[in-house]
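J.: this is a predicted model, with the sequence first.
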Amino acid sequence: MSFQGKERQGGVKQISSHSNPIIKEIKGLVTQRKHRRDSGLFVAEGLKLASDAMDAGWGVRYLALGPEARENQVALEIAAKVKARGALILEVTTAVLANITRRDNPQMVVGVYEQNVLPLSAVDPATAKTWICLDRVRDPGNLGTIIRTGDAVGASGVILIGDTTDPFAVEAVRATMGSLFHMPLVRCREDEFIDWRQKWPGPVVGTHLRGTMDYREPSYDEPVLLVMGNEQSGLSDNLADTCNTLVKIPQEGQADSLNLAVATAIMLFEVRREQLQLAK
């Protein structure tokens, strides 16, 4: 059965078999990037994420409830609301949830949601504070943590440049802790970003080995594009060249680099601190 079938019109279905076609489809979203790309869907685990997705208005195709969720008032209220919006509620066993999530102790709620990715044209400099621009990020945990950190500092969104890891992979979604549903995502090619960036009215700042300025020195007046590079190779030369400021984070000790998510967090909190100072 495909996700386009009649089952997605809302209602409740009880499932106890691992071989049920719907369960196999959902598990495919967990394990296969191609399946997520072709269907435009993804899986998120947990009651908190189900609540975040509902509050943020994301489309829900399926909401699988384990035995504990069917005794939980908050889970039942969420299920009723998304069912009214057309989602199919699946009453499943704990074993089925474990099979879907590949976890021995699965969350009691697993949702299947519609992906939401924006074009560059949706980014409005007039209302932006800071957009996080990520060049070819490879690690889904890093990406998810950056999305969560961006949400924490009030960043405007994340622009994924080039061949990045899938933001809708289960590992990335878990690392966002629900911030995925609150942070706009944009995806583009490198050449598209460079052309679009030429009209950006504010600072375009990147971290790079060529940077000679301490990251605490520039003025980060809104709106800012913060450009962070690939975990292994840093920013591409083309993206480094398109920045009007390249900075470095001073380090001591023997480590030759910082984790990308850590470095991005340091930059984001400094950018926000400076913006708040400028606003006074």
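T.: Here it is on my side, so go on. Numbers count the residues shown, from 1 in each chain.

J.: how far is stretch 235-253 from where the chain is centred?
T.: Averaged C-alpha coordinates place stretch 235-253 at 24 Å from its chain's average position (CA atoms, centre = their mean, to the nearest Å).

J.: just the buried positions in it, please.
T.: In terms of neighbour count (16 or more other CB atoms under 10 Å), stretch 235-253 has its buried residues at 235, 236, 239, 240, 242, 243, 245, 246, 247, 249. No exception for glycine: its C-beta is placed from N, CA and C like everyone else's.

J.: all strands of the stretch 1-150 of the chain, in order?
T.: With DSSP state E, counting those that start in this stretch, the ranges of strands along the stretch 1-150 of the chain come out as 11-15, 41-45, 60-65, 88-92, 109-114, 130-135.

J.: save those strands as CSV, and put in distance to residue 213 too.
T.: Supplementary listing: the strands of the stretch 1-150 of the chain in CSV, determined by distance: least, CB to CB, whole Å:
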stretch, distance to residue 213
strand 11-15, 58
strand 41-45, 39
strand 60-65, 46
strand 88-92, 54
strand 109-114, 41
strand 130-135, 18
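
J.: a markdown table for the ones you listed, including mean pLDDT and distance to residue 123?
T.: As requested, the strands of the stretch 1-150 of the chain are arranged in a markdown table below (pLDDT from 0 to 100; distance: least, CB to CB, whole Å):
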| stretch | mean pLDDT | distance to residue 123 |
| --- | --- | --- |
| strand 11-15 | 94 | 38 |
| strand 41-45 | 98 | 22 |
| strand 60-65 | 97 | 26 |
| strand 88-92 | 97 | 34 |
| strand 109-114 | 98 | 21 |
| strand 130-135 | 98 | 6 |
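
J.: ends of stretch 67-81, how far apart?
T.: The distance separating the two terminal residues of stretch 67-81, taken as CA to CA, to the nearest Å, comes to 19 Å.

J.: what comes into contact with it?
T.: For stretch 67-81, the external contacting residues (CB atoms under 8 Å, 6 or more residues apart in numbering) are 47, 50, 51, 54, 63, 65, 89, 91, 93, 94, 108, 109.

J.: show the average pLDDT along it.
T.: In this model, stretch 67-81 carries a mean pLDDT of 96.

J.: before we move on, the earlier item: so for residue 103, which of the strands of the stretch 1-150 of the chain sits nearest?
T.: Nearest to residue 103 among the strands of the stretch 1-150 of the chain is strand 41-45 (8.1 Å), distances taken as CB to CB.

J.: residue 258 and residue 215, how far apart?
T.: Noted for residue 258: a distance of 11 Å to residue 215, by CB to CB, to the nearest Å.

J.: ok, those two, which is more surrounded?
T.: Neighbours of residue 258 and residue 215, each counted by other CB atoms under 10 Å, are more numerous for residue 215; the result is 19 against 14.

J.: just the element for the closest residue to that one other than its chain neighbours, please.
T.: Distance criterion CB to CB, 6 or more residues apart in numbering; nearest residue to residue 215, sequence neighbours excluded, is residue 247 at 4.3 Å. Residue 247 is part of strand 245-248, with elements assigned from DSSP states H and E.

J.: and residue 186, by the same measure?
T.: With DSSP H and E as the criterion, the answer for residue 186 is strand 185-188.

J.: was I right to think residue 89 contacts residue 13?
T.: Yes: with contact defined as CB atoms under 8 Å, residue 89 reaches residue 13; the gap is 7.2 Å.

J.: looking at those two, which one has more neighbours?
T.: When neighbours are counted by other CB under 10 Å, residue 89 and residue 13 differ, and residue 89 comes out ahead with 22 against 14.

J.: contacting residues for the residue nearest to the more buried one when sequence neighbours are not counted?
T.: Sequence neighbours aside, residue 12 is the residue nearest to residue 89 in space, at 4.6 Å (criterion: CB to CB, 6+ apart). Residue 12 sits next to 83, 88, 89, 90, 91 when contact means CB under 8 Å, 6+ apart.
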